[in-house]
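Asks: Requesting a structural model of the entry that follows:
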Amino acid sequence: MSTSPLANAELSVMELLWDHGSLTARQIQDKLYGESDRSQHGTVQRLLQRLEDKELVRRERAGAANAFSACVSREEYAGSQLESLVDRLTGGSIAPLLSHLIGQKRLSRAELRRLREILDGRAS
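Replies: Down below sits the predicted model:
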């Protein structure tokens, strides 16, 4: 799996696949571009090819068309991006990120409880 960030258009395709499971290129095109006057078939094909090259999407034959599905979950992708960000910005230390989120009150009480449970479990 590629750990490089996805372009906005690639991420839009991944979000569709995460939300819907398996889709054909035509279904992706319809969901992304709707009733556009211009055909976006080539654009969608290029996006899918790039995602396949990054090993984030798999292609399977589904009747007369190909169906595409995500090879990684939203959580796996988000986790890899967070790890990459932490490595780049703080030399691998997650403490500054957590301090910021807690200090800015970006975590709900439930999230803070869950985080405390995780930390307490790791300390054991």
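Asks: Under the pLDDT cut-off, which ranges of this structure? List them.
Replies: 1-3, 37, 123-124 (pLDDT under 70).
Asks: Repeat the analysis, applying 80 as the threshold.
Replies: Within the chain, the segments meeting pLDDT under 80 span 1-3, 35-39, 62, 122-124.
Asks: The longest helix seen in the chain packs against which elements?
Replies: Longest helix of the chain, by residue count under DSSP state H: helix 74-90. Under the contact definition 3 or more C-beta pairs under 8 Å, 6 or more residues apart in numbering; DSSP states H and E, helix 74-90 sits against helix 8-20, helix 95-103. In this view, the C-beta of every residue, glycine as well, is placed from N, C-alpha and C.
Asks: How about the longest one, which residues are buried there?
Replies: Taking 16 or more other C-beta atoms under 10 Å as the neighbour-count basis, helix 8-20 is seen to contain the buried residues 10, 13-14, 16-17.
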